[in-house]
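Chemist: predicted model, plus sequence, below.
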Amino acid sequence: MVNDGGQLYTMEGVAAGLIMLLTAYIVISTTSVYTPGDTHIPDMQLEQLGNDVLAMMDTPDRDGEESQLVGFVKNVTGPCGGNDLWDEFLDNCKMRAGDEDDNLHAQAYLSYRRSDGSVDTTPLSSEDPEFTGRENTVRVTRWVQLPVGSPSDMPPDVETTRPQAVLVEVLLWRA
Amino acid sequence: MSLDFLAGFTIFLLALIMVVSMVPGLLAGLESSGIDYDAVAYRTGVILAEDPGWPVYPPWEMKTDAYKDEIERMGLAVSKETPNILLSTKVNAFFNDSFFAEEDYRSKAIFGDIPYSYNFSLSSGGVLLNQTGDTLPPGYGYIRRVVKIKEPGVAVINDSFASQYTSSSSAQNFTVRLNFSRLLNASIDPAYRIDPRTEPVNVTITDFSEYLNGSCSDATLKDVTFWKMDPTTPMPRFSRIPFSYNTMDPNLYNLSLDGTPTDLAPETKVAENITLVLKPAATSLFTLDQNSILDIRFTFEDTDYPHTNITGIHHYDYNATNVTRPDLKPAVLEVAIW
Amino acid sequence: MACMNEDGQWIVLMGLLVAVGLFFLALIINQSALVGQTTAEGVLEFPKNDIRDLREAVFDYVDEFDHEEDTESKAVRDDIIAISLERKNAVVNFSVGDPEDISGRDLHPITIHYNNGVTEYDETVYY
């Protein structure tokens, strides 16, 4: 008869192995640690900032006056037009105590409804040369109502013979 | 200590770990910190920028030291319909850190279970306007809110009104009239409303020399009195509001004659300018409602003969020539939590 | 094992305790990250600013057109509905009723409907 005095060692080894495997499994399956990058916090902060800035640009400084944003959109190509909207938007976003928050970039678009009912989107400001389309951007929007005759001469298929509601869209990102 | 014990203990602990990790609710109440600083900063930012605070009327910013406990929440917005429009009186009250202690900021603005450190700042055009809290360590939670600040209007009565408000047969009474039913008209956006219940009323008479009688170099301001009328009662008439006219109280009003502060019954000669700032704390003592009419009456009296021809009623209202209302001022509210 | 010296087992036990302690710490850090994530996702997902903006757009519409239905007001209304659907992925509708006397003021009852698939919002507001 073979001496079976060693079987206990085998069983202990198997048990220890199982326990280790189980522990590793539980640890890996439960403690996938999120990095702050996964948590969308910078996106949330950026979106709030962009929305605040658009809302404040759409608030007239005095009762009954036209808001800055409406003025910019009405006069898309001229001075105080799309590029100034973009400029003013970024200036407001960068504002903080102390130095400016310099690494913010933005790109403004205008969405409008054509006479055939389809919706088109056109750039409102000149393209940011560094914009590749792969940035992690947030999109903030604001409704603007325009009277007859605006926006002035751009883009061609915007109906200017009737009052209309258009959507100002701004992509905002950090680079 | 035997092997059996070790094995049993290990199995027990593993089971415990599994139970704990499978019941997330067990850890939900656990006070975690670190990454949630941003979340707390966001929440505090929302409370400050989008909420007028509680109580609303009388507003929290008017609470004195004795009633500080009645403040439930400190919000800076003008009203709940106007997010991101801050009222300057609320801003000034909020950043008064000799009135509010650290604990007040924690319990009335941050609402955290653990004592967070904080830094609030308000700046406009790169200039820091207000700031409270500690210096920032690395790794704080942060939110930035772009806001506009509403500042109170001023009725500047300068020489351009001289012909309108002088009369040789005058009683030497000059009245500034606040018609609450007109001021608090609900059709006016709260962001642009003149509300004496929450904002100071500022009456400034400059170029007073233009209102003087002929060769006189000054006139004696006997007193400034407050009168009210409720037009909804039968036979409405103005009655003098009982008030501590002889006590100087910068929390209730500021009256200065040619730059010298005084009480409301100065009987002092004035040559150039009169400035009266009536604080909302005083207006709340007058028990006015939204139909009342409040008169601020400046009475001049000289022993020999009338030294001034000033008379008339100046309406404190939305007319831009009567009251200069400053533009909403763009600003940035920053909240840092750690 | 029977004849082995087992005096050193406390070392193993302590090792185990330390391991368990580390495990709990890892769990706590994990949960705190989730707190930040859920808050940020909650904020991003809930279209608070969109709804506020839509309300203001509707109020602007009422300022401009009152409650009248003509080709111009219908066009602006269609603009809002079409652009919302196309660019914001939100089904939006609103209607403006005849003015009613609400505590001395003539106000329009406005019903606003908003649904972006995650959040549905309905409101009747007097403006």
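Modeler: It's in. Residues are numbered from 1 along each chain as shown, chains lettered A, B, ... in the order given.
Chemist: give the residue spans of chain B that score low on pLDDT.
Modeler: B:1, B:22-35, B:169-170 (pLDDT under 70).
Chemist: kindly recompute the last result at 80.
Modeler: B:1-3, B:18-36, B:57, B:112-113, B:167-171, B:214-215 (pLDDT under 80).
Chemist: all helices of it, in order?
Modeler: For chain B, the helices defined by DSSP state H cover B:3-22, B:24-28, B:36-50, B:88-94, B:102-105, B:180-183, B:280-285.
Chemist: dump those helices to JSON lines, plus distance to C:Ser84 and mean neighbour count.
Modeler: Every C-beta, even on glycine, is put in place using the N, C-alpha and C of the backbone. Compiled in JSON lines, the helices of chain B are given as follows (distance: least, CB to CB, whole Å; neighbours: other CB atoms under 10 Å in any protein chain shown):
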{"stretch": "helix B:3-22", "distance to C:Ser84": "42", "mean neighbour count": "13"}
{"stretch": "helix B:24-28", "distance to C:Ser84": "36", "mean neighbour count": "12"}
{"stretch": "helix B:36-50", "distance to C:Ser84": "23", "mean neighbour count": "23"}
{"stretch": "helix B:88-94", "distance to C:Ser84": "35", "mean neighbour count": "21"}
{"stretch": "helix B:102-105", "distance to C:Ser84": "40", "mean neighbour count": "15"}
{"stretch": "helix B:180-183", "distance to C:Ser84": "38", "mean neighbour count": "18"}
{"stretch": "helix B:280-285", "distance to C:Ser84": "42", "mean neighbour count": "19"}
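Chemist: could I get those helices as a markdown table with distance to B:Leu252?
Modeler: Formatted as a markdown table, the helices of chain B follow (distance: least, CB to CB, whole Å):
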| stretch | distance to B:Leu252 |
| --- | --- |
| helix B:3-22 | 60 |
| helix B:24-28 | 49 |
| helix B:36-50 | 27 |
| helix B:88-94 | 14 |
| helix B:102-105 | 23 |
| helix B:180-183 | 19 |
| helix B:280-285 | 4 |
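Chemist: and those helices: which comes nearest C:Asp122?
Modeler: helix B:36-50 (21.5 Å; CB to CB).
Chemist: for that closest one, which helices and strands make contact with it?
Modeler: helix A:41-57, strand B:141-150, strand B:329-337, helix C:9-45 (3 or more CB pairs under 8 Å, 6 or more residues apart in numbering or on different chains; DSSP states H and E).
Chemist: what residues sit buried inside stretch A:58-76?
Modeler: Judged by neighbour count (16 or more other CB atoms under 10 Å in any protein chain shown), stretch A:58-76 contains these buried residues: A:58-60, A:67-76.
Chemist: from the residues you listed, which is closest to B:Arg197?
Modeler: Ranked by distance to B:Arg197 (CB to CB), these are led by A:Thr59 at 22.8 Å.
Chemist: so that closest one is in contact with A:Ser67, correct?
Modeler: Yes - assessed by CB atoms under 8 Å, A:Thr59 is found in contact with A:Ser67 at 6.1 Å.
Chemist: beta partners of the spatially closest residue to B:Glu72 that is not a sequence neighbour?
Modeler: Once flanking residues are discounted, B:Glu72 sits nearest to B:Trp54: 4.3 Å by CB to CB, 6 or more residues apart in numbering or on different chains. Judged by DSSP bridges, the bridge partners of B:Trp54 are B:Arg73.
Chemist: B:Trp54 reaches B:Gly75, doesn't it?
Modeler: Yes - at 7.5 Å, B:Trp54 and B:Gly75 qualify as touching, with contact defined as CB under 8 Å.
Chemist: report the central residue of the chain.
Modeler: Picking chain A for this. A:Val138 (0.6 Å; CA atoms, centre = their mean).
Chemist: ah, no, chain B please
Modeler: Geometric middle of chain B (CA atoms, centre = their mean) lands on B:Thr89, at 1.9 Å.
Chemist: ok, now which ones touch A:Leu110?
Modeler: Going by CB atoms under 8 Å, 6 or more residues apart in numbering or on different chains, A:Leu110 touches A:Val73, A:Val76, A:Gly82, A:Thr121, A:Thr122, A:Pro123, A:Leu124, A:Pro151, A:Val166, A:Leu167, A:Val168, A:Glu169.
Chemist: could you tell me which strands sit next to the helix or strand hosting it in the sheet, and their orientation?
Modeler: In this structure, A:Leu110 is located in strand A:104-113 according to DSSP states H and E. According to DSSP bridges, strand A:104-113 forms sheet pairs with strand A:119-123 (antiparallel), strand A:164-174 (antiparallel).
Chemist: Throw the ones you listed into TSV and include mean pLDDT and mean neighbour count, thanks.
Modeler: TSV is the format used below for the strands paired with strand A:104-113 (pLDDT from 0 to 100; neighbours: other CB atoms under 10 Å in any protein chain shown):
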stretch	mean pLDDT	mean neighbour count
strand A:119-123	87	15
strand A:164-174	90	22
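Chemist: quick check: buried residues in stretch B:116-130?
Modeler: B:Tyr116, B:Ser117, B:Tyr118, B:Asn119, B:Phe120, B:Ser121, B:Leu122, B:Ser123, B:Ser124, B:Leu129, B:Asn130.
Chemist: so what's the fourth one up against?
Modeler: To tie it back to what came earlier, the one meant is B:Asn119. If you count contacts by CB under 8 Å, 6+ apart, B:Asn119 has them with B:Gln131, B:Thr132, B:Gly133, B:Asp134, B:Thr135, B:Leu136, B:Tyr140, B:Glu334, B:Val335, B:Ala336.
Chemist: got it, and the second one?
Modeler: Listed by CB under 8 Å, 6+ apart, the contact set of B:Ser117 reads B:Gly133, B:Asp134, B:Pro137, B:Ile337, B:Trp338.
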